[in-house]
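Peer 1: Quick check, what structure comes out for this input:
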Amino acid sequence: MDYPEYDPSLQTTPLADDELDELDALLQELPADEAMNVEALDGYLTALAVGPGSLVRLHTRQWMPVIWGGDGDGPAPFASGKRRKRVVFLVLRHLHAIESVLKTRPDEWQPVFSVAETEDGEIIDAEDWCIGFLAAVGLDAAAWEPLFDDAAYGPALQPLALLGGDDEALAPADRERLADPLERDELSRAVAEVVPRIREFAAAL
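Peer 2: Residues are numbered from 1 along each chain as shown. Next up, the predicted model:
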């Protein structure tokens, strides 16, 4: 399957709310268990956008099929070629918008996190978003490893690893922490704070 290469120089408009809803609905129709929801997709594309050279090294054919669980021998991910093209088009536009805002107006960047309304206010949960982010990190692990291992910057990235990592690999104290919605909210807000600084971290290494 051929996919158009990502071109950051193209002038495209960010997805409107109804287009993001359309993309979410299209993703929910995908048959593979590994298919991403819109929160995981947003995290995945954000990692590609801020990763240390990921979009330069990785071809679209390497990262795009991961979104719907791959182009393997299982059930066809899309009911038609038209649906596939629509998803690819919306994904590339969303990626362009994420990269553009993080590069030029990082203070305006807004991740797509899960938000629950409570009597005391909003509770944010970025688990799916972080799972998507780490999926993209895994595609270019050698480039990301120095950031996660760095004594100065690595600790700032730990909320990402806690929320999106393998539960079985967590220490009991971390599992207990993640069981508390308020702790998850705190970690999620920390993720939102650190992601716009990843370009700065990478440049400093």
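Peer 1: Quick check: buried residues in stretch 182-197?
Peer 2: The neighbour-count check on stretch 182-197 (16 or more other C-beta atoms under 10 Å) flags 184-185, 187-188, 190-192, 194-196 as buried. To be clear about C-beta, it is placed using only N, CA and C from the backbone, and glycine gets the same treatment.
Peer 1: List just the nearest of those to A171.
Peer 2: L187 (14.6 Å; C-beta to C-beta).
Peer 1: pretty sure the closest one is in contact with G165, am I right?
Peer 2: No. At 11.5 Å, L187 and G165 do not qualify as touching, with contact defined as C-beta atoms under 8 Å.
Peer 1: is D125 in a bridge, and if so with what?
Peer 2: As for beta bridges, D125 partners with S114 under DSSP bridges.
Peer 1: Make 51 the starting number, not 1.
Peer 2: Shifting the count to begin at 51 puts that one at D175.
Peer 1: Enumerate every residue touching it.
Peer 2: 163-166, 231, 234-235, 238 (C-beta atoms under 8 Å, 6 or more residues apart in numbering).
Peer 1: try 10 Å this time
Peer 2: Neighbouring residues of D175 by C-beta atoms under 10 Å, 6 or more residues apart in numbering: 89, 163-166, 213, 228, 231, 234-235, 237-238.
Peer 1: Then V162?
Peer 2: 70, 74, 87-93, 95-96, 144, 148, 176, 178-179, 182.
Peer 1: hmm, 8 Å instead?
Peer 2: V162 neighbours (C-beta under 8 Å, 6+ apart): 70, 88-89, 91-93, 179.
Peer 1: hmm, back to that, out of the contacts of D175, what pair is the most spread apart?
Peer 2: V165 and L228 (17.5 Å).
Peer 1: neighbour count winner among the two?
Peer 2: When neighbours are counted by other C-beta atoms under 10 Å, V165 and L228 differ, and L228 comes out ahead with 18 against 12.
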